[in-house]
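Chemist: next one to model:
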Amino acid sequence: MPGEVIVTTELLSCSYREGRVLEDISFQVERGDYVGIVGPNGSGKSTLVKALLGLVTISSGRATLFGTPLSGFRDWHKVGYLPQSLHLVNPVFPATVHETVGLGLLSCKKFPKRLNTSDKNKIKLTLEELGILDLKFKLVGELSGGQLQRVLLARAIVNDPELLVLDEPTAALDPETRGKFYAMIADINRTRGVTVLLVTHDSGTIGEHASKMLYLDKKLLFYGSFNEFCCSPEMSSLFGEHSQHLMCHRH
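Modeler: Down below sits the predicted model:
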């Protein structure tokens, strides 16, 4: 239901050996939001989403998913995750597209882990939705970067998650393919009602597609709609009006 809070952080901080990476981060994401998480290199964008997924230790503060404190959250079937793709796929591993997407369903099954007819139909529908049904029997090692990203996205959404977290999903893609990918995420956000957190260094393009921006540089510098970003005197003084309006896509 609209207005339902899906993600909350309160004064969340994370530290690595070299010091604080994130400091006192507080924000809320509501159901149906499409949040672009942007900021310079080393600003803590990936650390933030990994902390929300329990992959990085929170050194102080707290986070909740679907109203449950992260430490007690067990409904991971509600969350789809697309990590930074370069670490994801061994190009010589002999798996087909169909098998790779099926892993998104197997992960939630109890033993014995087997796909049934309903699962296979689900995979087919998801491949159709993302326009890659024709790749069904191709090996993942034979795919282009853009095709591979669609396959990994299919794996992340085949289980109908309510929250989709994407960490720099377009880093290896050319600008045209990148724009199509953002638009595809916006379509999933609208048609499926999936809440989206998307980490990107591409602050100039994400404003065409996302509904909110979270600007991070170890601290939270801005969180709100792109219209609010566009009208913010603080953001004008931080970026200069020209860069501010390039990022907000409202002028």
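Chemist: going by C-alpha atoms from here, please, whenever you check contacts or count neighbours.
Modeler: Fine.
Chemist: shouldn't Lys219 be in contact with Ile25?
Modeler: Yes. Judged on Cα atoms under 8 Å, Lys219 makes contact with Ile25 at a distance of 6.3 Å.
Chemist: joint contacts of those two?
Modeler: Shared contacts of Lys219 and Ile25 (Cα atoms under 8 Å, 6 or more residues apart in numbering): none.
Chemist: the more surrounded of those two?
Modeler: Neighbour totals were compared for Lys219 and Ile25, and Ile25 leads with 21 against 18 (other Cα atoms under 10 Å).
Chemist: I figured that one hits Ser13, correct?
Modeler: Yes. Applying Cα under 8 Å as the test, Ile25 and Ser13 come out as touching, 6.6 Å apart.
Chemist: count of neighbours near His98?
Modeler: Considering only other Cα under 10 Å, His98 is surrounded by 22 other residues.
Chemist: contact partners for it?
Modeler: Counting by Cα under 8 Å, 6+ apart, His98 has contacts Ile123, Lys136, Phe137.
Chemist: try Gly44
Modeler: By Cα under 8 Å, 6+ apart, the contact set of Gly44 is Val21, Leu22, Leu216, Asp217, Lys218.
Chemist: wait, is the second one part of a helix?
Modeler: No. Assessed with DSSP: H, G, I helix; E, B strand; the rest coil, Leu22 is strand; it does not lie in a helix.
Chemist: separation between the closest residue to it other than its chain neighbours and Gly61?
Modeler: Nearest non-adjacent residue to Leu22, counting by Cα to Cα, 6 or more residues apart in numbering: Lys218, 4.5 Å away. Distance of Lys218 to Gly61, given as Cα to Cα, to the nearest Å: 15 Å.
Chemist: looking only at neighbour counts, state which of the two leads.
Modeler: Set side by side, Lys218 and Gly61 show more neighbours around Lys218, with 22 against 15, by other Cα under 10 Å.
Chemist: okay, now the unreliable bits of the protein?
Modeler: For the chain, applying pLDDT under 70 flags the ranges 1-2, 85-92, 108-112, 239-251.
Chemist: follow-up on the earlier one: top of the contacts of His98 by neighbour count?
Modeler: Ranked by neighbour count (other Cα under 10 Å), these have Ile123 at the top, with 28 neighbours.
Chemist: hang on, that one packs against Ile157?
Modeler: No. Counting by Cα under 8 Å, Ile123 sits too far from Ile157 to count as a contact (9.8 Å).
Chemist: now do the helix or strand containing Gly179: distance to the chain's middle.
Modeler: Assessed by DSSP states H and E, Gly179 sits inside helix 175-192. In terms of Cα atoms, centre = their mean, to the nearest Å, the centre of helix 175-192 is set 12 Å apart from its chain centre.
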